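# Predicted model, plus sequence, below.
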Number of protein chains: 2
Amino acid sequence: MAQAETDEGRGLLAEQRRAAIAAEVRARGGVRVTDLVLRFGVSDMTVRRDLDALARDGLLEKVHGGAVALGESSAHEPGFEAKRTLETAAKEAIAEAAAALVPRGGAVALSAGTTTYALARRLTDVSELTVVTNSMRIAELFAQRLRPPGARHGATVVLTGGMRTPSDALVGPVADQAIRSLNFDLAFVGCHGISIAAGLSTPNLAEAETNRALIAAARRVVAVADHSKWGLAGLATFAPLTAVDTWVTDGGLAETACAEAAEHVRHLLIA
Amino acid sequence: MAQAETDEGRGLLAEQRRAAIAAEVRARGGVRVTDLVLRFGVSDMTVRRDLDALARDGLLEKVHGGAVALGESSAHEPGFEAKRTLETAAKEAIAEAAAALVPRGGAVALSAGTTTYALARRLTDVSELTVVTNSMRIAELFAQRLRPPGARHGATVVLTGGMRTPSDALVGPVADQAIRSLNFDLAFVGCHGISIAAGLSTPNLAEAETNRALIAAARRVVAVADHSKWGLAGLATFAPLTAVDTWVTDGGLAETACAEAAEHVRHLLIA
DNA sequence: CTCCTTCATCGAACATATTCAAACACGGTT
DNA sequence: AACCGTGTTTGAATATGTTCGATGAAGGAG
């Protein structure tokens, strides 16, 4: 097992190296094979095989020259790393703006997704809040914060049941039925695509059905989606644009798109 | 791979060696077999067997070349972790025996609890199995193992919804309603106390209600509880002993208790 | 076209599970 | 005390699996 010179990760187990690669992809949006070769001091073939394994596990997507996080098809452009990190910035900005819409003492629903997850992080300290979600990650977030004091108890969390999708959403009849027995002031829903023709859409049929239930149980619907999702359509539409009371997005949305969107949603909020 | 001479830890008891390995994994995130061989001065096979035992106890995950800490997605709860170290051997034995009751291709329910968690660890590889649970920890366990999508699909997991108790159970009307819409062959339920007068009981009222729903939806009920729970009664009873088809417990139960219990439950299974 | 990336194949080194036997402690009997 | 069966822990041997790097050919990107 001969190792090379640069050796930040010399002696790591193969599994640890893969975990580090996966973390890098999550953090930066993408990695290059050549960079990983230098960083870990292994051959390019070993890195490629790691990327193969991770891609098979659905943790990233291989592209020419390296690998990128899932969910973005336009990865061949130069500078996709920068774009990707900007999008996390966009998500944080959207989350910040959306959090301001949450009423004290209210009941809100959060769909599964990375944008709603960013929003959830800002709601853990809001007291007297009730949160309904079908995301195990979001539920865990609140469970951790709920621990230390007995005094000021933060939000109450209700997790819908269901079966777990690869993207960590709980879906299916169990989830839908649970949601239908509840009512909340506000539903924050993420999506994979948002457009005039297809409205809010996702590639997962079951997730679409669950999102429909979330929307039906809410008095008002807030869509959270960054500008890169405008014009995209997933397999299943779960709501027309007219069902959206407020769309919270980031400043990257083109002016023409802003104007178009504003005609269909009630309020357009640029973070 | 043969012997070693550096023997920092030679002469340690097996348990001490294992505790040291577990601590190392927690501290550094991973260990390799060859390093442990040098450090303890034992053979590679001995190290492997230690890692096997620790992996069975859920303290680490074996990988090629060594072992790594478990996925960090599992939120560490003191309430849960504290109980995990109690009566470990008995719980593992009970889990082993209970796992043998699970039919291939069946649908089973697992209540929340440390004993059912130990049982769940033995069910992750059973194929064609459907598992219903109100424990986020158990659901996470299966989600981790589910990774290779096409290859060998393990169990299908349905998580009931609800609100989270300190001991990691999802309870409340949402959970109860979800369970009532399902049916399963077998329900494995843990409890805080089991006695002739109070039957199966728990200190948490909501959890009792949820367990009642689980029992009502099951054709057969299997109670899993170690001997230390015999004679105890929590605030809320959720089932009389006569509702229990099989009680799986460990050899620590006194003979007089065995005889008493056997009169009330249909089958008594001593692991 | 040229440069770089990717992939398939192979051999070497390493890791693993399985099996068997030796060493040791324990508990009770003679 | 010595003896013996039982069960546990450990190390060695072997066959099988896995990881990894070198090589060279095929295929994209610019």
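Cool, got the structure.

# Can you list the low-confidence ranges for chain A?
A:1-11, A:71-89, A:144-154, A:166 (pLDDT under 70).

# Can you give me the first-to-last residue distance of stretch A:229-248?
The straight-line separation of the ends of stretch A:229-248 (C-alpha to C-alpha, to the nearest Å) is 12 Å.

# my bad, stretch A:118-134
Stretch A:118-134: ends 15 Å apart by C-alpha to C-alpha.

# repeat for stretch A:29-38
Across its full length, stretch A:29-38 reaches 19 Å end to end, with C-alpha to C-alpha as the criterion.

# Return the distance of the most centrally placed residue in chain A relative to DNA strand D.
The residue lying closest to the centre of chain A (C-alpha atoms, centre = their mean) is A:T114, at 1.6 Å. Here A:T114 is placed at a distance of 27 Å from DNA strand D (C-beta to the nearest atom of the strand, to the nearest Å). The way it works is simple: take the backbone N, C-alpha and C, and place the C-beta from them, glycine included.

# Just the C-alphas of the helix or strand that contains A:T256, formatted as CSV.
Per DSSP states H and E, A:T256 falls inside helix A:255-264. C-alpha atoms of helix A:255-264 as CSV (Å, rounded to 0.1, in the frame of the first residue of the first chain):
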residue,chain,number,x,y,z
GLU,A,255,-35.9,41.2,-13.8
THR,A,256,-38.0,39.7,-16.5
ALA,A,257,-38.6,36.6,-14.4
CYS,A,258,-39.5,38.8,-11.5
ALA,A,259,-42.1,40.6,-13.5
GLU,A,260,-43.5,37.3,-14.8
ALA,A,261,-43.6,35.7,-11.5
ALA,A,262,-45.2,38.7,-9.7
GLU,A,263,-48.2,38.3,-12.0
HIS,A,264,-49.0,34.9,-10.7
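
# Can you tell me what sits against it?
For helix A:255-264, contacts defined as C-beta atoms under 8 Å, 6 or more residues apart in numbering or on different chains pick out A:196, A:227, A:230-231, A:241-242, A:244, A:247, A:253, A:268, A:270.

# re the thing from before, quick one: neighbours of the closest residue to the residue nearest to the centre of chain A other than its chain neighbours, just the number.
Nearest in space to A:T114, with sequence neighbours left out and distances taken as C-beta to C-beta, 6 or more residues apart in numbering or on different chains, is A:K91 at 6.4 Å. Other residues near A:K91 come to 23 when the count uses other C-beta atoms under 10 Å in any protein chain shown.

# ok, A:K91 to A:G30 distance?
The spacing between A:K91 and A:G30, counted by C-beta to C-beta, to the nearest Å, is 16 Å.

# Likewise for A:T46?
Relative to A:G30, and taking C-beta to C-beta, A:T46 is found at 19 Å.

# neighbour count winner among those two?
A:G30 (22 against 15).

# Across the sheet, point out what pairs with that one.
Going by DSSP bridges, A:G30 is paired in beta bridges with A:V68.

# Touching, it and A:K62? I think so.
No - here A:G30 does not reach A:K62: they are 10.8 Å apart, not a contact under C-beta atoms under 8 Å.

# just to revisit the earlier point, enumerate the positions of the helix holding A:T256 that are buried.
A:257, A:260-261, A:264 (16 or more other C-beta atoms under 10 Å in any protein chain shown).

# Please apply the same query to stretch A:180-188.
So stretch A:180-188, judged by 16+ other C-beta under 10 Å, has buried residues A:182, A:184-188.

# does any part of the host helix or strand of A:V37 sit near DNA strand C?
Per DSSP H and E: A:V37 is located in helix A:33-40. Yes - residues of helix A:33-40 are located near DNA strand C by C-beta under 7 Å from any atom of the strand, namely A:33-34.

# Next, see if that helix gets close to DNA strand D.
No - shown here: helix A:33-40 not in contact with DNA strand D (C-beta under 7 Å from any atom of the strand), separated by at least 8.3 Å.
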